[in-house]
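S.K.: After the sequence you'll find the predicted model.
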Amino acid sequence: MSAEKPRGAVTASDVAQLAGVSRSAVSRTFTEGASVAPDTREKVLQAARDLGYRVNFLARSLKEQRTRLIGLVVSDMDHSLRARLVDSLGRALVAADYRPFLLPTSRGEDTRRAIDMMLHYNVSGAIVTSDASPHQIAAECARHDVPLVLVNKAEMGGRVANVTQDTGAAGRLAAEALAEAGCRRVVLARQRLPSYTIDLRCDAFVAHLPRLGLELVDTVFGEAQNYAGGQEAGAAFLARRPDADGAYCANDFLALGFMDHLRRHGVSIPRDLAVVGCDDIAEAGWDAYDLTTIRQPVEALTQATLQALLTCIADRNARPGLTTIGVDLVRRNSTARS
């Protein structure tokens, strides 16, 4: 079989000619589940390799009104938990024979352009992990009959699926960790910007304190739930010097900045102040932080999200509702006061 590559884009007809088979045999070879004789398949595959031929799945799927593209609307990729989740979702989609289509956004950004881009590609579904307005995205996806899954976002109802962490358990476990560390007077370090899951778990934390004999003596704020926000919250803590022996930080990213700022100014953790975070990002386990935290299981979030999406794709009348994923406490030295 000689392989002089033709000029221009290689077509299925070129492959058929080189392999000495029909055009339909080439099509069947590259169609999952189609019947084709083993020797014919090998001839076609060898010709395709020789010519550098690749099936244009996008063109084929558009013809079939089924792209198998999934829009992934994401933001805050500097947050390692968000990055891990997006990586896990992308890999799970590829394993399920879908093609993730990344749409980065920023908080407060007008998402209309990203939504238009996603819908122009006739996506088979969409997943939102960002802080972009889920209401706007949900409305457009509903109007164009695009299945949608929201991760750690407020419920939309109807045909929108929601997958979220157990925020009540996260707040309760954080309070219990501080109580187990012998704390009695605690501080809440959190962000000013609204965040659906963070706000709920902070509320749950505060609600459980009286049941454990703990007193909330102050709440300190940073602008956002990131390292800079943690430093700002740490500065507020040092300026006010509340009589506290424990602190719950809204998430691990904020906790890292909070801890670094306090330690630079002579506060010993956990001797002077026990600290608990939430998320169990990779950095939380680093020796420099050794942070007690509440773990969000990324793989469980991924699998629940994928299952909800596939359910909605298979049945356009499905009402998937809410899936809640459990969390667990990871004890480390930031609360080891004894």
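M.R.: Cool, got the structure.

S.K.: wouldn't V21 be in contact with K43 here?
M.R.: Yes. Assessed by CB atoms under 8 Å, V21 is found in contact with K43 at 6.1 Å. C-betas here are computed from N, CA, C, even on glycine.

S.K.: who touches both of the two?
M.R.: Taking CB atoms under 8 Å, 6 or more residues apart in numbering as the contact rule, V21 and K43 touch no residue in common.

S.K.: what's the average pLDDT for the helix or strand containing V26?
M.R.: Using DSSP states H and E, V26 maps to helix 23-29. Across helix 23-29, pLDDT averages out at 82.

S.K.: Give me the helices and strands touching the helix or strand just after that helix, please.
M.R.: Downstream of helix 23-29, the first helix or strand assigned by DSSP H and E is helix 38-51. Packing partners of helix 38-51 (3 or more CB pairs under 8 Å, 6 or more residues apart in numbering; DSSP states H and E): helix 12-19, helix 23-29.

S.K.: any chance of those in a markdown table, plus mean neighbour count and distance to L309?
M.R.: Formatted as a markdown table, the helices and strands packed on helix 38-51 follow (neighbours: other CB atoms under 10 Å; distance: least, CB to CB, whole Å):
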| stretch | mean neighbour count | distance to L309 |
| --- | --- | --- |
| helix 12-19 | 20 | 31 |
| helix 23-29 | 19 | 29 |
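
S.K.: Kindly reformat the ones you listed as a markdown table containing distance to D252.
M.R.: Output for these, formatted as a markdown table (distance: least, CB to CB, whole Å):
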| stretch | distance to D252 |
| --- | --- |
| helix 12-19 | 51 |
| helix 23-29 | 49 |
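
S.K.: Next one: the residue nearest to R295 when sequence neighbours are not counted from L291, what distance?
M.R.: Distances taken as CB to CB, 6 or more residues apart in numbering place D280 nearest to R295, at 3.7 Å, with adjacent residues excluded. Separation of D280 from L291 (CB to CB, to the nearest Å): 9 Å.

S.K.: Outline the domain layout of the protein.
M.R.: What automatic domain parsing lists as the domains of the chain is 12-55, 69-165+298-324, 167-296+330-335.

S.K.: Quick check: which of these has the most neighbours on average?
M.R.: Mean neighbours per residue, mean count of other CB atoms under 10 Å, is largest over those for domain 167-296+330-335, with a mean of 20.
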